[in-house]
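**Q** here is my input, please return the structure:
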Amino acid sequence: MSGNIPTPHIQAAEGDFADLVLMPGDPLRAKFIADTYLEDVKQVNGVRNMLGYTGFYKGKRISVMGSGMGMPSIGLYTHELFNFYNVQKIVRIGSTGSISPKCKVMDIVIAMGACTNSNWADQYGLHGTFAPIADWDLLYRAVEVAKEQGTRVVVGNVLSEDQFYNDDPNYSDRWKKMGVLSLEMESAALYMEAARAGKQALAMFTVSDDLLTGEALSSEERQVGFRKMMELALAL
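**A** Down below sits the predicted model:
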């Protein structure tokens, strides 16, 4: 294990990461979580300003690190965390754009599955279509904790896209017809990396944009306004 670390992208030493890593896209959101919720915090990564921290939440050792945007970015970091740093669980805590009337701005969506238009699975040489899904134990625990906290969650399918801007104005309508709840850019790669490594992963999001109504949060609201999602993830 130690022969693979530090990596070109993570400067942490062996043992610096907890078994559970919470992973927002924005590294400043990782810093906010560490500053707000964790005790005895140590910064364990700063390469390319992809901030990572390890500390304690209610006596439980937890790490938090940014993932960046898109599947190539989260795929790189989760691969190294799972395979080189022996992290057991990664929970993505991100933002998403709703394409369903079931999900309003500031609602929490939990991805039971992650459809994708990415070619990420091609590397595995599978003769078929791989279905990226959440770890059942983490998913079940998240739903139970949400009930205990009184937090409303919507569980279902999301779409992990390669494109933020899409030249096809009707693109999301076709996914909406298939019951997809919302759009994001990372979870399919996270789920595939976890499956390949034999580890556990879950993705949850706060709805930051309602693509049906046009309602949207500001960048500052995204950075610090997702406390219910953060507190749900910390309790897993």
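**Q** mind checking the end-to-end distance for stretch 214-229?
**A** Stretch 214-229 has an end-to-end distance of 22 Å (criterion: Cα to Cα, to the nearest Å).
**Q** okay, now residue 86: neighbour count?
**A** By other Cβ atoms under 10 Å, 15 other residues sit near residue 86. C-beta: built from backbone N, CA, C; applies to glycine.
**Q** where does the prediction get shaky in the chain?
**A** For the chain, residues meeting the criterion pLDDT under 70 lie at 1-2, 223-224.
**Q** center of it, which residue is that?
**A** residue 92 (1.8 Å; Cα atoms, centre = their mean).
**Q** isn't it right up against residue 201?
**A** Yes. Using Cβ atoms under 8 Å, residue 92 is in contact with residue 201, at 7.5 Å.
**Q** what is in contact with the two at once?
**A** Shared contacts of residue 92 and residue 201, defined by Cβ atoms under 8 Å, 6 or more residues apart in numbering, are found at residue 190.
**Q** quick one on the thing from earlier: what sits against the residue nearest to the centre of the chain?
**A** With Cβ under 8 Å, 6+ apart, residue 92 has these contacts: 23-24, 67, 74, 186-187, 190, 201-205.
**Q** beta partners for it?
**A** Here residue 92 sits in beta bridges with residue 23, residue 203, going by DSSP bridges.
**Q** could you do the one 5 residues further on as well?
**A** In this structure, residue 97 has the following beta-bridge partners (DSSP bridges): residue 183, residue 209.
**Q** cool, and residue 55?
**A** Counting by DSSP bridges, residue 55 is bridged to residue 62.
**Q** next up, the contacts around it.
**A** Counting by Cβ under 8 Å, 6+ apart, residue 55 touches 34, 38-42, 61-62.
**Q** can you check residue 229 too?
**A** 93, 108, 204-206.
**Q** distance check, the residue nearest to the centre of the chain against residue 9.
**A** Note on residue 92: its distance to residue 9, by Cβ to Cβ, to the nearest Å, is 17 Å.
**Q** picking that back up, of all the contacts of residue 229, which two lie farthest apart?
**A** The span of these, defined through Cβ to Cβ, is set by 93 and 108 at 9.6 Å.
**Q** what touches both of those two?
**A** Shared contacts of residue 93 and residue 108 (Cβ under 8 Å, 6+ apart): 204-205, 229.
**Q** what's the closest of those residues to residue 87?
**A** residue 204 (17.5 Å).
**Q** what's the neighbour count on residue 190?
**A** 30.
**Q** touching, it and residue 78? I think so.
**A** Yes. Distance between residue 190 and residue 78: 5.5 Å, which falls inside the contact criterion (Cβ under 8 Å).
**Q** counting contacts, what elements does whatever helix or strand residue 40 lives in pack onto?
**A** Per DSSP states H and E: residue 40 is located in strand 39-45. The helices and strands touching strand 39-45, judged by 3 or more Cβ pairs under 8 Å, 6 or more residues apart in numbering; DSSP states H and E, are helix 27-37, strand 52-57, strand 60-65.
**Q** rerun at 6 Å
**A** Under the contact criterion of 3 or more Cβ pairs under 6 Å, 6 or more residues apart in numbering; DSSP states H and E, strand 39-45 touches strand 52-57.
**Q** next one: phi and psi at the residue nearest to residue 163 when sequence neighbours are not counted?
**A** Nearest non-adjacent residue to residue 163, counting by Cβ to Cβ, 6 or more residues apart in numbering: residue 117, 7.6 Å away. Backbone geometry at residue 117, expressed as degrees, to the nearest 10, gives phi -100, psi 10.
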